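Student: test case, fold it:
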Amino acid sequence: MDVFKRIVKFRRRKEEDGEVPGKGQYENLDDVSTHGEVTIDTRNGDLRLQQLEKDTSEDTFTVEDAVEAIGFGRFQIKLSVLSGLAWMADAMEMMILSILAPQLLCEWQLTSWQEAFITTIVFIGMMISSSMWGNICDRYGRRLGLFFAAVWIFYYGILSAFSPTYIWILLLRGIVGFGIGGVPQSVTLYAEFLPRKQRAQCVVFLEVFWSIGTCVEVLLAIIVMPTLGWRWLLLLSALPCLVFALSCKWLPESARYHVACGESEKAQNTLKKIALENNSPMPLGKLVLPESTEKRGQFKDLFTPQLRLTTILLWFIWFSTAFSYYGIVLMTTELFQAQDSSDADFCSASREGHALKCYAGCKYLNRKDYTDLLWTTLAEFPGLLVTMLIIEWIGRKGTMALEFAVFSLFTFLLLTCGGRTWLTVFIFVARAFISGAFQAAYVYTPEIYPTTTRALGLGTCSGVARLGALITPFVAQVMLKSSIYLTVSVYGTVCLLAAIACLLLPIETKGRRMQETGDTMQHR
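Tutor: A predicted model of the protein is given here:
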C-alpha cells in the first residue's frame, strides 16, 4: 500500500463553539488559526502522529478552563456535603432565635423591646463582621476564614448556654453573631469549584442543608424544651459547628484564590487532585495567571464603573431578602401565640381608628405551635425546588424578581385575617418563595464579582442583609402588636421594590464565566 501523508491543522475549540474549554479537538480546517501541525502517516493501517511545529507543553489554560474540563464529579459531591454542613450549622443558630426569644420573654419577664433585642443583637454581630470575614477570606484564604468562624461560633455558642442574666445573653449571642457572619463564605469557596452548567443548581441545592438545619432545630426544640430547657437547646445547637471545624481538614483551598495570589503551582496541584478524584483529564499545558495582578479585598473595587450600580442594587436586594425572610420567621411564632390566645383569630376584634391590633402577650410555645412552626419551615423545600427549576430558564434576575413578587402577594393576604389553617398556608407559601429568593441571591452574587473581590463582595452584601435582619424584630415582634396592617404593608412594599431592583441589575450572569480580575469584567 502506498504511503498516504497529509497535513492536518488543529486548534482548541473556544467557548463559542459549544464545546468544553480545554479539550483539544482535531479538525480538517485550513481557515482557522493553528496551535501546531500534525503529520498523519498511514502505513499498513497504522497511524503515527508527529508534532511538526509546536509541543503541547506550550499550551496554556486558565482555572476556568480546568474547572470546565474536569467537570462535575465525586469531588464536587464531597464539597457539597462539607459546604452544606456549614450551612446547616448556620441555619440551626438562626432558627433558634424564633424559639429562644419567646421563651425568655416569659421566663425572665421581658418587655417586647427586650425580646426583640435578643434577635437584633445577633444580627448586629453579623453585620459588623461580614465584610471583615470577606476581607480575611480574600487575603488569607477561604478555608482559613471558614475554620476560624466555625470554632468561634462553637465556643461562644457553648458559653451563651450558661448566661445568668439578660445582659450576658445579649453579649454572648452578639459574639456568636460575629462568628456567623463568616459562614456565607462557604458559598464563595463552593461556587469557585463548580462548572458553569451545574453552578446555579448546586448553589441552590445548598438550601437543602439550610432547610434540614431549620427542621432539625424545631424537632430538637420539641424534644428538649419541655424537659431540659433552652440552655440545653443552645448547647446542642452549637455541636454542628464543631463537626464542620473538624471536617475542614478535607476542605481544599480555592484554586482561584491561589491564582489571585500568584501561586500557580499550588493552584495546579489542587486542580490535579480534583481531576484525579473525578477521574477526569486535566487540560494539557501550563496554568496561566491573569495578565494583571490586583490587590485583593479592596473595598473601592466594589464601586468601579462596571460594578457600582450592581453593588448598590445588590445591597438593597440583600437587605430586603434578610429583612423579609427573618421577618416571616419571627412573625410565625408571634401570630401562632396570638392565635392561641382568647381571641378567635390572630387579629384582635379591638379596633382603634384604622389600626388593627394583635395581642400575643406572654405565652410559652406548646407542641401545636412547634408542629405548625415545623410545617412552615418545611415550606423551604418546595421553594428550593421552584428555584432550581426556573433559575436556568428565566435567569438569576428573573428568578429573584418573581419570587419577591409572590412573597409580597401572600404577605398581603395575611390581612384577610383568616383562621389558623389559612394563616399557616399563607405563611407556608410566602416563606417558600422568600427562601428561594435568598438562595438565588447567593447564586448571583459570587458570579458577578471577580475572584479578587468575590469574598468581600459577598461579605458586604451579607453585612447589609444583617442590617435588614436586625431591624426586622422591631417590625415583626414590636410593630405587629400595634398594627398588623402597617407590619404587613412594610414587608409587602419592600419586596415589591426589591423585585424592581432585580430587574434593574445591568448584568445577567446565566451562562457567564466567573471573572478572575476586575479588568476582565464582561457585560452580557
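
Student: any stretches of the stretch 201-350 of the chain with poor pLDDT?
Tutor: 289-299, 333, 336-350 (pLDDT under 70).

Student: check the chain too.
Tutor: 1-58, 289-299, 333, 336-366, 417-418, 514-524.

Student: what residue lies at the spatial centre of it?
Tutor: Tyr442 (3.8 Å; C-alpha atoms, centre = their mean).

Student: identify the spatial nearest neighbour of that one, chain neighbours not counted.
Tutor: Val187 (5.2 Å; C-beta to C-beta, 6 or more residues apart in numbering). All C-beta spots, glycine's among them, are computed from the backbone N, C-alpha and C.

Student: which SS class is the one you found?
Tutor: Recorded secondary structure, Val187: helix (DSSP: H, G, I helix; E, B strand; the rest coil).

Student: quick revisit: could you measure from the residue nearest to the centre of the chain over to Arg173?
Tutor: Separation of Tyr442 from Arg173 (C-beta to C-beta, to the nearest Å): 24 Å.

Student: and what of Leu219?
Tutor: 22 Å.

Student: any idea which helix is longest in this structure?
Tutor: Taking DSSP state H as the criterion, the chain has its longest helix at helix 308-339.

Student: mind giving me the packing neighbours of that helix?
Tutor: helix 97-107, helix 112-140, helix 367-377, helix 395-412, helix 420-448, helix 454-473, helix 484-504 (3 or more C-beta pairs under 8 Å, 6 or more residues apart in numbering; DSSP states H and E).

Student: got the ones you listed as TSV, with distance to Lys273 columns?
Tutor: Compiled in TSV, the helices and strands packed on helix 308-339 are given as follows (distance: least, C-beta to C-beta, whole Å):
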stretch	distance to Lys273
helix 97-107	39
helix 112-140	21
helix 367-377	38
helix 395-412	30
helix 420-448	22
helix 454-473	22
helix 484-504	38
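
Student: next one: stretch 382-391 to chain centre, how far?
Tutor: In terms of C-alpha atoms, centre = their mean, to the nearest Å, the centre of stretch 382-391 is found 14 Å from the chain centre.

Student: contacts made by that stretch with the rest, please.
Tutor: Residues from elsewhere that reach stretch 382-391 (C-beta atoms under 8 Å, 6 or more residues apart in numbering): 200-201, 204-205, 207-208, 211, 398-399, 402-403, 431-436, 439-440, 443, 510.

Student: at 10 Å what do you get?
Tutor: Residues outside stretch 382-391 that contact it (C-beta atoms under 10 Å, 6 or more residues apart in numbering) are 200-208, 210-211, 398-400, 402-403, 406-407, 428-440, 443-444, 510.

Student: same for the helix or strand Asp65 falls within, what does it pack against?
Tutor: Asp65 belongs to helix 63-70 when assigned by DSSP states H and E. Judged by 3 or more C-beta pairs under 10 Å, 6 or more residues apart in numbering; DSSP states H and E, the packing partners of helix 63-70 are helix 196-224, helix 255-260, helix 264-278, strand 286-287.

Student: so which of the ones you listed comes closest to Trp393?
Tutor: Nearest of those to Trp393, taken as C-beta to C-beta: helix 196-224 at 10.4 Å.

Student: and the angle from that closest one to helix 97-107?
Tutor: Angle of helix 196-224 versus helix 97-107, following axes from the mean of the first three to the mean of the last three C-alpha atoms, to 10 degrees, is 20 degrees.

Student: quick one on the thing from earlier: now do the helix holding Asp65 and helix 196-224, the angle between them.
Tutor: 80 degrees.

Student: now do the same contact list for the residue nearest to Tyr442.
Tutor: So Val187 contacts 83, 86-87, 142, 203, 206, 439, 442-443, 445-446, 454-455, 458, 462 (C-beta under 10 Å, 6+ apart).

Student: and those, which two are furthest apart?
Tutor: Top of the distance list for those (C-beta to C-beta): Arg142 and Gln439, 19.4 Å.

Student: settle it for me: which of those two has more neighbours?
Tutor: For Arg142 versus Gln439, neighbours defined as other C-beta atoms under 10 Å are more numerous around Gln439 (30 against 26).

Student: mind pulling up the phi and psi values for Tyr451?
Tutor: To be clear, residue 451 is Thr; Tyr isn't right here. phi -60, psi -40 (degrees, to the nearest 10).

Student: oops, could you answer that again for Leu110 instead?
Tutor: Torsion angles, degrees, to the nearest 10, at Leu110: phi -90, psi 160.

Student: burial of it, as a residue count?
Tutor: Neighbours of Leu110 (other C-beta under 10 Å): 18.

Student: neighbour count: Leu219 and Arg173, which is higher?
Tutor: Between Leu219 and Arg173, counting by other C-beta under 10 Å, Arg173 is the more crowded of the two (28 against 13).

Student: can you confirm the more buried one is in a strand?
Tutor: No: counting by three-state DSSP, Arg173 is not part of a strand but helix.

Student: ok, now which ones touch it?
Tutor: By C-beta under 10 Å, 6+ apart, Arg173 lies in contact with 93, 96-97, 100, 117-122, 124-125, 156-157, 159-160, 163, 234.

Student: list buried residues within those residues.
Tutor: By neighbour count, with 16 or more other C-beta atoms under 10 Å, these hold 93, 96-97, 100, 117-122, 124-125, 156-157, 159-160, 163, 234 as buried.

Student: Leu97 and Val329 touch, don't they?
Tutor: Yes: in this structure, Leu97 is within contact of Val329 by C-beta atoms under 10 Å, at 7.9 Å.

Student: what residues do those two have in common as contacts?
Tutor: In contact with both Leu97 and Val329: 119, 469, using C-beta under 10 Å, 6+ apart.

Student: list the buried ones in stretch 126-138?
Tutor: 126-127, 129-138.

Student: report how many residues lie close to Ile394.
Tutor: 15.

Student: swap in the one 4 residues further on?
Tutor: Residues contacting Gly398 under the criterion other C-beta under 10 Å number 17.

Student: what's the answer for the one 5 residues further on, then?
Tutor: Glu403 has 30 neighbours, counted by other C-beta under 10 Å.
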